[in-house]
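Asks: Quick check, what structure comes out for this input:
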Amino acid sequence: MIKLFFTAKNKKYSIDLERGQDLLLALDNFIKSNRLRFTHLKNIKVRCFDFKDSVSCRIAKIISVVLSLRSRKQAK
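Replies: All right, here's what the predicted structure looks like:
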């Protein structure tokens, strides 16, 4: 299991991802359902709880770094 933690509009959120679930698609659906914008996201972090699937965990961490850099750039 992979958990994605972030803050948006001074509230803390988390998304649970099961094995094989698309991180970007889950994040996009969450943003749309909660009426947020991508620029609202801050402090994006990933925690991995299933060490058998380390490749997915590494990919998720790389995506989270890219997302946090991109959100900082758009916020300026």
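Asks: And C57, what's its pLDDT?
Replies: Here the pLDDT value assigned to C57 is 76.
Asks: How many residues are close by it?
Replies: C57 has 18 neighbours, counted by other CB atoms under 10 Å. From N, CA and C alone the C-beta is placed, and that goes for glycine too.
Asks: now the one 4 residues further on
Replies: Here the neighbour count serves as a burial measure; for K61 (other CB under 10 Å) it reads 15.
Asks: what sits against the residue lying closest to it once chain neighbours are set aside?
Replies: Among residues not flanking K61 along the chain, V46 sits closest, at 5.0 Å (CB to CB, 6 or more residues apart in numbering). The contact partners of V46, by CB atoms under 8 Å, 6 or more residues apart in numbering, come to I2, K3, L4, F5, C57, A60, K61, I63, S64.
Asks: Let's verify the second one: helix, strand, or coil?
Replies: By that I understand K3. Secondary structure, DSSP: H, G, I helix; E, B strand; the rest coil: K3 is strand.
Asks: Right, I'll leave it there.
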